[in-house]
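Chemist: Sequence first, predicted model second:
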Amino acid sequence: MRYMPIVKVKTGMSLGQDIYDGEGKVLYGTGTMLQQEDVQELAGMGLWGIYVEDSVSGGIKVEPLISAALQREALRLVHDLFDESRCQEISQDDIQEIARRMAREIFAGKDRLYNKIDTRSLENYAFFHSVNVAALAAMLGMASGNLDMEEITMLTASALLHDVGRRYVEANVLNAKRTLTEEERILVEQHPKLSYDFLMEHYEFEPEVLKGVLEHHEWYNGCGYPMGRSGYEISYFARIIKTADVFDALTSKLPYHDPVTPSGAMDYLLANAGAEFDPDLVDLLTKKIAIYPVGCEIALSDGRNAIVIENNRESMLRPKACTLPDGEIIDLYGEDAKDLTVLELFV
Ligand SMILES: [Fe+2]
């Protein structure tokens, strides 16, 4: 299986992974032979890329942090929480159960790197984003070694819920491609408090879960909102969610920006460590993110393109790859490839 930007997908290619909507409903199943109208529809939905199965990528497995089945259940939960008519039906147990299962799955694969590129449509961004931030936050919390499983479950719940207050902000403001007016900016900046108020009204979550939600836009240097807290005054959960939130947003297609590569996102986080982000958490994230995700195409300095098949833990910048179209395996960390570099990642 390989990741392919939607503009490169051709008629007749076979889908490598289910594509589902924001409620977790499968729109296109794995193995679907894509027709021209399918590709047009996927592009029209704002999908930036998809996973396809072809002869050159056979045997390449992309292991997500959580299974597709659980991701779909989590999407459904978040979708319903964002829906005023359905949110009353979601109990605290429902949220905690999904958070617990996510934490368990991530623990089972705790040595994995984050290699996944989400195939999400623009319309469903909020749901995919919430679930992805929860998975990334749990991964970071686990990697920190500072939290036990009960705390990681709470952190995961907090991250799943962090943006639920955005449902009170009009979509045309959230998706505006222009600079927001002062009034609109104030409205957007109310969403952490709106998330917090919603949780206070309907549930009885632990203070750490609530603080994670309320403070997820605080900056390490005190320049964030809503309270302008700084450093360790900001709860640990909120500092983790903030780091995961920005990484996921930067690597996503949004109405106002195209996705940046994982290295581009890490570059931003590193540049703003100590200002916007807790530097220890940024440092931790650099060890967990695959700069060249498995299944992605890269351009090599000898003029050939290749598909990443494995990351080297010792050097994330030197993956193992399979050249196109001849299928030669090159280990960029090996002695024979010292003069080769990766020039570009196609995402
Ligand atoms: Fe937010």
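Modeler: Structure received.

Chemist: Which strands or helices does the longest strand anywhere in the chain pack on?
Modeler: In the chain, with assignment by DSSP state E, the single longest strand is strand 315-324. If you count contacts as 3 or more CB pairs under 8 Å, 6 or more residues apart in numbering; DSSP states H and E, strand 315-324 packs onto strand 297-300, strand 305-312, strand 329-331. In this view, the C-beta of every residue, glycine as well, is placed from N, C-alpha and C.

Chemist: mind listing what it pairs with, with the direction of each?
Modeler: Strand partners for strand 315-324, identified by DSSP bridges, are recorded as strand 305-312 (antiparallel), strand 329-331 (antiparallel).

Chemist: Now tell me what touches it from outside.
Modeler: Here strand 315-324 makes contact (CB atoms under 8 Å, 6 or more residues apart in numbering) with 56-57, 60, 113, 286, 289-292, 297-298, 300, 304-312, 328-333, 337, 342.

Chemist: With stretch 159-168 instead?
Modeler: Counting by CB under 8 Å, 6+ apart, 74, 77-78, 81-84, 95, 98-99, 126, 129-131, 133-134, 136-138, 174, 190-199, 209, 212-213, 216, 237, 240-241, 244-245 sit against stretch 159-168.

Chemist: now the strands: where do they sit in this structure?
Modeler: Taking DSSP E to define them, one finds strands in the chain at 2-5, 14-15, 19-20, 26-28, 49-53, 297-300, 305-312, 315-324, 329-331, 342-346.

Chemist: right, and the ones you listed - which one's nearest L281?
Modeler: Closest to L281 of those is strand 315-324 (CB to CB; 17.3 Å).

Chemist: looking at the chain, which helix or strand does the model trust least?
Modeler: When each helix and strand of the chain is scored by mean pLDDT, DSSP states H and E, helix 171-174 comes last, with a mean of 88.

Chemist: Give me the helices and strands touching that helix, please.
Modeler: In terms of contacts (3+ CB pairs under 8 Å, 6+ apart), helix 171-174 is packed against helix 182-188.

Chemist: ok so, going back, so which of the helices and strands packed on strand 315-324 gets nearest D280?
Modeler: Of all these, strand 305-312 comes closest under CB to CB, at 22.5 Å.

Chemist: okay if I get the helices and strands packed on strand 315-324 as a markdown table plus mean neighbour count, mean pLDDT and distance to I152?
Modeler: Formatted as a markdown table, these follow (neighbours: other CB atoms under 10 Å; pLDDT from 0 to 100; distance: least, CB to CB, whole Å):
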| stretch | mean neighbour count | mean pLDDT | distance to I152 |
| --- | --- | --- | --- |
| strand 297-300 | 20 | 97 | 33 |
| strand 305-312 | 21 | 96 | 24 |
| strand 329-331 | 15 | 96 | 34 |
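
Chemist: need these in CSV with distance to K10, can you?
Modeler: Shown next, in CSV, are the helices and strands packed on strand 315-324 (distance: least, CB to CB, whole Å):
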stretch, distance to K10
strand 297-300, 14
strand 305-312, 16
strand 329-331, 25
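
Chemist: quick one: which of those strands is nearest A108?
Modeler: Ranking those by proximity to A108 (CB to CB) places strand 305-312 first, at 19.0 Å.

Chemist: what angle sits between that closest one and strand 342-346?
Modeler: Here strand 305-312 runs at an angle of 100 degrees relative to strand 342-346 (axes from the mean of the first three to the mean of the last three CA atoms, to 10 degrees).

Chemist: got a list of contacts for strand 305-312?
Modeler: With contact meaning CB under 8 Å, 6+ apart, strand 305-312 is reached by 2, 56-57, 60, 113, 115, 290, 292-300, 318-324, 329-333, 346.

Chemist: Now the buried members of these.
Modeler: Neighbour-count burial (16 or more other CB atoms under 10 Å) applied to the contacts of strand 305-312 gives 2, 56-57, 60, 113, 115, 290, 292-298, 300, 318-324, 330, 332-333, 346.

Chemist: need the strands paired with strand 315-324 in CSV with distance to G31, can you?
Modeler: As requested, these are exported to CSV (distance: least, CB to CB, whole Å):
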stretch, distance to G31
strand 305-312, 20
strand 329-331, 26
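
Chemist: wait, which of the ones you listed is closest to G22?
Modeler: strand 305-312 (28.5 Å).

Chemist: follow-up on the earlier one: buried set for the least confident helix or strand of the chain?
Modeler: Buried residues in helix 171-174, counted by 16+ other CB under 10 Å: L174.

Chemist: Identify the residues contacting that helix?
Modeler: R166, L180, E184, L187, V188.

Chemist: tell me the contacts of L284?
Modeler: Neighbour list for L284: L140, A143, S144 [criterion: CB under 8 Å, 6+ apart].

Chemist: rerun that using 10 Å as the cut-off
Modeler: Going by CB atoms under 10 Å, 6 or more residues apart in numbering, L284 touches M139, L140, G141, A143, S144, G145, I240, T243, D278.

Chemist: what's the answer for K10, then?
Modeler: K10 is in contact with M4, L34, Q36, V39, V52, D54, counting by CB under 10 Å, 6+ apart.

Chemist: Could you do H202 as well?
Modeler: With CB under 10 Å, 6+ apart, H202 has these contacts: L81, C87, Q88, I90, S91, Q92.

Chemist: Name the member of those with the most neighbours.
Modeler: L81 (25 neighbours; other CB atoms under 10 Å).
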